[in-house]
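J.: no sequence on this one, just coordinates:
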């Protein structure tokens, strides 16, 4: 998919938006945590990168499932790998899904070309597109696909991001991750936590490694 992927993805890039730098981070997060469900708010350049990472993650999970089910002696490397795996997670029969939400209100956005790009890369099976405002969509997404493991927000400003956190954070899987594009704000945000409301200013990077590790354990890799 190499050269073809880069060529197709480049048609979705909007110069100056910075998503070409975020795409690699999102790819790494998907491969590290193996999310069942990713929600992307704002379709565009990062969409095919997320889809490719989910496809690779699904392939790796199926390979691990074969290893878990293997009968007979294993070489040292395979045995060491199997010791790290959580059988009920790597044997999950369902492929991961990317739900991309975009209301197509930005005439200059590449969002309208995302579906065709995914189809051209044979990545459509992993993609569901919702053409609407992200507000009010979390409950329906949760009901159909389950709790999000990763939410990537790339649309709107500080107030929009606060709305996203208030609605989506409470329905996320424990240990899930929210990645926000453009987080330079000082307005207070209050979200529902397990022990009551939690207030915060702008998102902080502290503790991110701990959350990634917890998510790795949940996806079936690590003890």
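T.: Sure thing, it's come through. Computed from a prediction, not measured in an experiment: that's the story for all the values here.
J.: When you work out contacts or count neighbours from here on, use the C-alpha atoms and nothing else.
T.: Will do.
J.: can you give me the strands for this protein?
T.: In chain order, the chain shows strands spanning 37-41, 97-101, 127-130, 150-153, 177-180, 189-193, 196-200, with DSSP state E as the criterion.
J.: what about stretch 88-108, how long is it end to end?
T.: The first and final residues of stretch 88-108 sit 44 Å from each other (C-alpha to C-alpha, to the nearest Å).
J.: list the buried ones in that stretch?
T.: Going by neighbour count (16 or more other C-alpha atoms under 10 Å), the buried part of stretch 88-108 is 89-92, 95-102, 104.
J.: Turn those into a markdown table, columns for pLDDT.
T.: Output for the buried residues of stretch 88-108, formatted as a markdown table (pLDDT from 0 to 100):
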| residue | pLDDT |
| --- | --- |
| 89 | 75 |
| 90 | 74 |
| 91 | 75 |
| 92 | 76 |
| 95 | 88 |
| 96 | 95 |
| 97 | 97 |
| 98 | 98 |
| 99 | 98 |
| 100 | 98 |
| 101 | 98 |
| 102 | 96 |
| 104 | 92 |
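J.: now for the residues you listed, which pair is the farthest apart?
T.: Comparing every pair within the buried residues of stretch 88-108 by C-alpha to C-alpha identifies 91 and 104 as the most remote, at 37.1 Å.
J.: Closest to the centroid, which residue in this protein?
T.: residue 38 (3.4 Å; C-alpha atoms, centre = their mean).
J.: Any figure for the gap between it and residue 107?
T.: If you measure residue 38 against residue 107 using C-alpha to C-alpha, the figure is 25 Å.
J.: Kindly report the same for residue 141.
T.: Distance of residue 141 to residue 107, given as C-alpha to C-alpha: 26 Å.
J.: now the chain, which segments are flagged as low pLDDT?
T.: Regions of the chain meeting the criterion pLDDT under 70 cover residues 1-3, 16-17, 182-223.
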